[in-house]
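J.: My questions concern the predicted model and sequence given below.
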Amino acid sequence: MAYIVDRRTNGKNKSAVNRQRFLNRYKSHIKKAVSESISKRSITDIEKGENISIPKKDIFEPIIHHGSGGRRSIVHPGNKEFIKGDKIPRPSGGGGGSGEGEASDSGEGEDSFVFQITQDEFLDFLFDDLELPNLVKRQLAGVESFKQVHGGIITEGTPSRINIGRSMRSASARRTALGSSSKKRLRLLEQELERILSTDADYQDRRRIDELRLEIEKLQRKLKRIPFIDTFDLRYNLKIKQPQPVAKAVMFCIMDVSGSMTQVTKDIAKRFFILLYLFLKRNYKKIDVVFIRHHTTAKEVDEEEFFYSRETGGTIVSSALKLMDEIIKERYSPEQWNIYSAQASDGDNWNDDSPTCGQLLAKNILPVVQYFAYIEITPRQHQALWHEYEKIQQENPHVFSMQQLVDIADIFPVFRELFQRKHA
Amino acid sequence: MSQTPISTGSEWTFELIERYNHEIAKIAQEFQLDTYPNQIEIISSEQMLDAYSSVGMPVGYHHWSFGKKFVMHTDSYQHGRSALAYEIVINSNPCIAYLMEENSMTMQALVIAHACYGHNSFFKGNYLFKTWTDASSIIDYLVFAKNYISKCEERHGLEAVESLLDSCHALMNYGVDRYKRPSPISAEEEKRRQKEREKHLQSQVNDLWRTIPTKAGESRQHKKANFPSEPQENLLYFIEKNAPLLEPWQREIVRIVRKIAQYFYPQRQTQVMNEGWATFWHYTLLNTMYDRGLVTDGFIIEFLKSHTSVVYQPPFDSPYYSGINPYALGFNMMNDIRRICENPTDEDKQWFPDIAGSDWLKTLHFAMQNFKDESFILQFLSPKLIRDFKFFHLLDDPKSENIMVGNIHNEIGYRGIREALSQQYNLSINEPNIQVFNVNLVGDRSLILHHIQQDERPLADSVDDVLKHLHSLWQFDVHLETRRNGKLIKRYSCASANNGSVTSSTDAAN
């Protein structure tokens, strides 16, 4: 009478396609909301979903229906004191006096349609159109690791790679090709033999019967000789080695912590580093982060110390670059690691030091890193360091880039600028 | 108590569901409920949300608007603003009913009685469903539609298909035949015929728009005859058959949308009856089970608690009031019919001489089979119910200063209330009456629609956007004229400007 089916094991994401289409349609709205939210969010919850709100008028689907106005008649339940002929003053603000209880479904209200996107979607929208520079270069150059992938079917190989399905298929094709004419003939002969045998025994042509039997036997023997499977039926899976991009990345965060860097500046820098970290995480399975802070000397520290402790003193940027170079040589061989680096500073540097920085970058660091981004957080005039770096950027436009940041709202646009997908 | 209860706990199991279903089916048969075979599917709340966004249909084509609904439902569910329905039931053969896994055993039994025997027998018995829908082929048709549309997306691009569907959806309510009965469709045949249709249709349309005169002497006057010869209410049908520039695949998609609109049309016309019938039967079936000792006291208390909240009608001045609750009105009317049959008062004998004292089961089945909300209320709403609900009628004429109270629940008011309430469920009055009036065949190919106004009710502003959608289907100028007693009141136009963009203008002619 009734079938009872447990559907719970079926997928629950039947609406995923429709949802995706909805998101795609309102991509520009969502992107705007995402970019706005990134500058408002606190540092710690940057990696969360987001409430997106879209003006209702943008997503409503128009249908024809009655507007307000005209004569209305409506029946309500729950009368208490009304009698026929009573006059009720029209509720204020009722405009044409649309009957209560008939909610407008036009969706023309100015309020917004609010919904949630997941963390993944949030990051998708956040990093849409961005890419890690020079990923390709490393994929081609780095040939240290390989992955075996299916590369088609071949006729020679080791027994462990036999593709049974394909082998049986070609065996069956061969058997059909070799045997079909004999089979056809055999069928004809058998039919004839049967016809003769079915007639009256006295009128049977004995000689013909013997002939037929002989030939049938011959054909059957011939068919039997066709082997079920032959060596040239065998098919093997071909495995080919595909070079794998190095899936490890290390990110160097270099920050100036000299007296001139205020907590606000450091905060901006931190947000920038977090963005970069999230972005790298989407591209690499394993990421190491190395924090280097410096004033006149550089030191590798943990995250907490990196962002929150204060120091005073002058600034020698090259100390940090030197340390980075040492750490790379010691722990992160460029053959195995994709190296990214971001440096944040307010632009102050010991004047004589800036050329040293330039040399260190050009000779030691830039040749081994994937990308080096420099952000200068300052509303003031640029100093020697910026000008030195400008030269470097001209020489290495693909590996090195620099931007200036003034306040928090600039972070995301600048980040986008740095990682904008560049079309070849 | 003659029997031992089927279960005592609140947890359900598949065996228990089967046993309850078995017992409910037995009792349903005693009450002559004729149903399609049932297919009961247990689903999770996530799957229920999926089902919501596709109006319960197990398959459907993809469109962003369903995604929007899904996002909306998910959001309001996750924030606790709305609870999910206990069930969804589909007018198909076999009749598919979704049961939520979160339901207790009592709720599952309620839902089985409500959906699998109540709604199911309504789908099978009501004349509107019998004439307008074909339960056995709907799933197949939806599969066909889904595959066809996704093939179109591959061939013509997501965007082209999406904007076409947008336009069709805007006119979906005008994609139904209100009076003519469509020939039943079977998906198998549909697929086969679709190919033929493609060729035929195009050739016919070409014929209509032929610019080379067949005979040199054919007079222009002859061509001036009105086309269509009679006004057409089914806009999507008219578009499908006559729009000059649509490609065959576009016509097929227009057809799919209007077929689905047609399938849902009876549901929109029988809300009160359908819910009333299903609620009446879950109430009756489960109470019968209780009488026979098949369920426990705890079961029936839990059931009654949920039942009473379903059929509660808040008064008009309550903060919970949002119109008349179809469950309340329908359930009470069904119950009332039974009462009139079994224990008629003098008043009932006077008002319902033909059913007072008759066999209640026969009368109830007759009512279920042969009416829709509008006629059902007009026929069966009794003075007693009008008093129980304390109905009153409000008249709101913008010309007068105040809102007038019309009839109330007293001797002189019953008939008036009944008529007014019945009209409230008349879809052809609730929806603006819009028809294709004329096509300028020899001139600019413009399409002229008439809106026949009633009670001086104007169209909402969204009509401008709908006209743009209509324009994108027709692809030549579109005019919509609001007419009152034949006189032109207002004219909405959507014309293709020279640069190909669409402008919408409204000129009042009064």
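T.: Arrived safely, thanks for sending. Values in this document were obtained by computation on a predicted structure and should not be read as measured data. Residues are numbered from 1 along each chain as shown, chains lettered A, B, ... in the order given.

J.: ok, and residue A:318, which helix or strand is that part of?
T.: In this assignment (DSSP states H and E), residue A:318 forms part of helix A:317-331.

J.: before we move on, which element is the closest residue to chain B within the stretch 151-300 of chain A in?
T.: Among all residues of the stretch 151-300 of chain A, residue A:282 sits closest to chain B, at 23.7 Å; criterion: Cβ to the nearest Cβ. C-betas here are computed from N, CA, C, even on glycine. Using DSSP H and E, residue A:282 maps to helix A:263-283.

J.: for the stretch 301-450 of chain B, what spans make up the helices?
T.: B:326-342, B:346-351, B:360-370, B:373-380, B:383-389, B:414-424, B:427-430 (DSSP state H, counting those that start in this stretch).

J.: and the fourth one with helix B:360-370, angle?
T.: Pointing back at helix B:373-380 there. Relative orientation of helix B:373-380 and helix B:360-370, computed by axes from the mean of the first three to the mean of the last three Cα atoms, to 10 degrees: 150 degrees.

J.: Look up which helix or strand residue A:339 falls in, please.
T.: Residue A:339 is part of strand A:338-345 when elements are defined by DSSP H and E.

J.: moving C-terminal of that strand, what's the next helix or strand?
T.: Downstream of strand A:338-345, the first helix or strand assigned by DSSP H and E is helix A:353-360.

J.: give me the number of residues near residue A:229?
T.: 14 (other Cβ atoms under 10 Å in any protein chain shown).

J.: thinking again about what came up before, who are the packing partners of the helix holding residue A:282?
T.: Secondary-structure packing of helix A:263-283 (3 or more Cβ pairs under 8 Å, 6 or more residues apart in numbering or on different chains; DSSP states H and E): helix A:119-126, strand A:248-256, strand A:286-294, strand A:338-345, strand A:371-377, helix A:411-419.

J.: switch to 6 Å and redo it
T.: If you count contacts as 3 or more Cβ pairs under 6 Å, 6 or more residues apart in numbering or on different chains; DSSP states H and E, helix A:263-283 packs onto strand A:248-256, strand A:371-377, helix A:411-419.

J.: Give me the contacts around the last one.
T.: Contact with helix A:411-419 is made by A:35, A:38, A:130, A:271, A:272, A:275, A:373, A:401, A:403, A:405, as judged by Cβ atoms under 6 Å, 6 or more residues apart in numbering or on different chains.

J.: per-residue confidence for the first one?
T.: Per-residue confidence at residue A:35 stands at 73 (pLDDT).

J.: want to throw the helices and strands packed on helix A:263-283 into JSON lines with mean neighbour count and mean pLDDT?
T.: Conversion of the helices and strands packed on helix A:263-283 to JSON lines gives the following (neighbours: other Cβ atoms under 10 Å in any protein chain shown; pLDDT from 0 to 100):
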{"stretch": "strand A:248-256", "mean neighbour count": "24", "mean pLDDT": "84"}
{"stretch": "strand A:371-377", "mean neighbour count": "24", "mean pLDDT": "87"}
{"stretch": "helix A:411-419", "mean neighbour count": "19", "mean pLDDT": "78"}
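
J.: So which of the ones you listed is nearest residue A:122?
T.: Between residue A:122 and these, the shortest gap by Cβ to Cβ is with helix A:411-419, which sits at 12.9 Å.

J.: Can you check what angle separates that closest one from helix A:119-126?
T.: Put simply, helix A:411-419 runs at 70 degrees to helix A:119-126, going by the same axes, to 10 degrees.

J.: Against residue B:487, how distant is whichever residue of the stretch 401-510 of chain B sits closest to chain A?
T.: Chain A sits closest to residue B:457 of the stretch 401-510 of chain B, with a gap of 3.1 Å, by Cβ to the nearest Cβ. According to Cβ to Cβ, to the nearest Å, residue B:457 stands 16 Å off from residue B:487.

J.: What's opposite residue A:150 in the beta bridge?
T.: residue A:239 (DSSP bridges).

J.: quick one, domains of the chain?
T.: If you meant another chain, say so; for now it's chain A. The record's domain parsing of chain A by automatic domain parsing lists A:14-59+A:112-128, A:159-238, A:246-419.

J.: was after chain B, sorry
T.: For chain B, automatic domain parsing gives the domain ranges B:14-126+B:270-305, B:138-206+B:227-268, B:317-429, B:432-508.

J.: Right, I'll call it a day here.
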